[in-house]
Structure formats: C-alpha cells, structure tokens
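K.L.:
Can you look at this prediction? I've put the sequence above it.
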Amino acid sequence: MPRFGALERVEILAAILGGLWCGALFLPWFGMGGTEGDLTGANMIDSSWLPLVIVAVASALLLLDAVTVSGMRSLPVPAFSTFLMPIGLFYTALFILAGDNFLYGAWVALGLSAGAAVLAAMAWVIDRRG
Amino acid sequence: MDLQGISREQKEMGAAVCMLLFIISLFLKWQTFGPISGSGADLGSWPLALIIALVAGGIMAADGLRMDMPLRRINPTSLATYLMSLLVFYVVVFIFAIDGLSYGVWLALIFSVIGLVLTYSVYRQDTR
C-alpha cells in the first residue's frame, strides 16, 4: 500500500467528491408533484453533460496526479482543477436559485460540489507551498 | 487582432464595458418559440449572472481607474478572469439547452467572451 502525502490525500478526496457529484446529477433534484416523475440534475436540461464532463475531467486529473509516482509534471493539475471544479458548484447553485420543491439530490449535489471545490483549492495551496 | 497595442487601462475599461453590455443583453430576447419569446432575465438564475457581471466589471473598472480595492490576498484581475469564465459557461449552458435561440443570447456570448479575452490579457500581463 503506497503512503500518500498531504497533497495526494487531499487530491484523492477532491477527486472522490467530484466523482460523487457526477453521480449526484442522476439523483432526484426537484419534485414535479408526482405528475411527470422527478427531475434529476441530468434530465432537467439538455446541456447537463457539459458540467459533468468538466468535473469528471478535473476529478480524473486529480486522481491521476495523486496516484502516479511523479505526478503529472507537464500540467499544473491542482491549479487547473481549482479552476474547473467550482463549475459543478456553479451549475448546482444556478438551479437551486432558479427552482423550488427541492428533493434530497439537489442538497447532496450542493454539498459534494462545495466540498470538491474547497478540497481542490486546498490541494492548490499545498502544491504552491511545495 | 493584436492586443499588445492596447494599453492596460483601455483593456480594463473595455472589459468593464463588455460586462455592462452583457447585463443589458440579459434583458434582450434570448429565445423565440412561435409567438412566445423570453429574455435572459426570464431564467430563474439570472440574478446570479447579474451579480457576477457587476462584480467582474466593477473590479476591472476600479483597477482601470487606479482605485484601491479591499482585496489583499487575491489578484483582482485573476478573480475577474475567473468570474468572466463563469459567465461564458453560463451562456454556453443555455445555448446548448434551449431551442429557438434569439439574438440576445448571441450578444451575451460575444460580450462575455470579449470581456474574458481582455481580462485574461491583463492577467497574463500581471503574471509575467
């Protein structure tokens, strides 16, 4: 079992939360009063694939940076992921501000995206300190 | 187009004007569907876009006018660049999501992209 440093541990945690946010897109976010089924984060808008791809890429990069021996030296992964990860939080916030009759999926997604964004930023800070 | 020939202050004021125009475009027609049309301000989340555009534009205008800003640990142009990239994301999400796109959404995209390019250019100047 490899021993991970502080940067790698934070990167792995951020990647896990980002991955879980991608899964939370498919949970029910808004209730439709039982008439047409609940709206998930993925089916309420045609462009939900866009934040899904962005957060998935950020999570995969963080995970790869953490588990590879020398990291991904050609790309400043923590800084790049700090830029990409809050997109999930922004997307979630957009629909929480716009909608009502929330279901648990919206709050789960909000928590996961906020956690992923904070942890990605923490990884960036640790990386900058060296 | 060569951005090197434009002074830093001109770029900053240009980006601030773009944010103002973006805000105006929120109130123009974004969608036409038969007899029904809707503006960007009909989207429930438009106040968030408005606040982001005001903050990003305000930062660029204040920096362009050499005003002191209460931002000690954050580079103001990096913050403005990030906020403008969120606006581009906001418009692109709705471009992919809505049918019957109208001129307002394209104007919003143009102003947010030009604002982002100008702000990013200032940010690159700062970090060199």
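P.N.:
Okay, I see it.

K.L.:
For the biggest helix by length in chain B, list every residue counted as buried.
P.N.:
When chain B is parsed with DSSP state H, its longest helix is helix B:103-127. By neighbour count on 16 or more other CB atoms under 10 Å in any protein chain shown, the buried set for helix B:103-127 is B:104-105, B:107-109, B:111-123. Placement of C-beta: from N, CA and C, glycine included.

K.L.:
Beyond the helix-or-strand element of chain A with minimal mean pLDDT, next helix or strand please.
P.N.:
Every helix and strand in chain A was compared by mean pLDDT, DSSP states H and E; the lowest is strand A:39-40, with a mean of 86. For strand A:39-40, the succeeding helix or strand toward the C-terminus, using DSSP states H and E, is helix A:49-67.

K.L.:
Grab the CA positions of that following helix and hand them over as CSV.
P.N.:
What follows is helix A:49-67, C-alpha atoms only, in CSV (Å, rounded to 0.1, in the frame of the first residue of the first chain):
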residue,chain,number,x,y,z
TRP,A,49,-23.3,16.8,-20.0
LEU,A,50,-21.1,19.9,-20.1
PRO,A,51,-20.6,20.3,-16.3
LEU,A,52,-20.5,16.5,-16.0
VAL,A,53,-17.6,16.3,-18.4
ILE,A,54,-15.7,19.3,-16.8
VAL,A,55,-16.0,17.9,-13.3
ALA,A,56,-15.2,14.3,-14.4
VAL,A,57,-12.0,15.6,-16.2
ALA,A,58,-11.0,17.6,-13.1
SER,A,59,-11.5,14.6,-10.8
ALA,A,60,-9.7,12.2,-13.1
LEU,A,61,-6.7,14.6,-13.4
LEU,A,62,-6.5,14.9,-9.6
LEU,A,63,-6.7,11.2,-9.1
LEU,A,64,-4.0,10.6,-11.8
ASP,A,65,-1.8,13.3,-10.2
ALA,A,66,-2.2,11.6,-6.8
VAL,A,67,-1.5,8.0,-7.8
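
K.L.:
Quick check: buried residues in that helix?
P.N.:
A:50-52, A:54-56, A:58-59, A:61-63, A:65-66.

K.L.:
quick check, nearest of these to chain B?
P.N.:
residue A:50 (6.0 Å; CB to the nearest CB).

K.L.:
leaving aside the residues next to it on the chain, what's closest to that closest one?
P.N.:
residue B:93 (6.0 Å; CB to CB, 6 or more residues apart in numbering or on different chains).

K.L.:
ok so, going back, neighbouring strands for the least confident helix or strand of chain A, and are they parallel or not?
P.N.:
strand A:28-30 (antiparallel) (DSSP bridges).

K.L.:
which residues touch the strand it pairs with?
P.N.:
The contact list for strand A:28-30 (CB atoms under 8 Å, 6 or more residues apart in numbering or on different chains) reads A:38-41, A:44, A:95, A:99-106, A:109.

K.L.:
Show the pLDDT at the closest residue to chain B within chain A.
P.N.:
When scored by CB to the nearest CB, chain A has residue A:98 as its residue closest to chain B, at 2.6 Å. On pLDDT, residue A:98 comes in at 82.

K.L.:
Count the neighbours of the closest residue to it other than its chain neighbours for me.
P.N.:
For residue A:98, ignoring the flanking residues on the chain, the nearest one in space by CB to CB, 6+ apart is residue B:44 at 2.6 Å. Counted with other CB atoms under 10 Å in any protein chain shown, residues neighbouring residue B:44 total 14.

K.L.:
just for the chain, where's the confidence low?
P.N.:
Assuming you mean chain A. Within chain A, the segments meeting pLDDT under 70 span A:1-3, A:33-36, A:69, A:71-73.

K.L.:
Not quite, go with chain B.
P.N.:
In the predicted model of chain B, residues B:1-2 satisfy pLDDT under 70.

K.L.:
show me the contacts for the residue nearest to residue B:108 when sequence neighbours are not counted.
P.N.:
With CB to CB, 6+ apart as the criterion, residue B:108 has its nearest non-adjacent residue at 4.2 Å, and that residue is residue B:25. Contact analysis of residue B:25 by CB under 8 Å, 6+ apart lists B:40, B:104-105, B:107-108, B:111.
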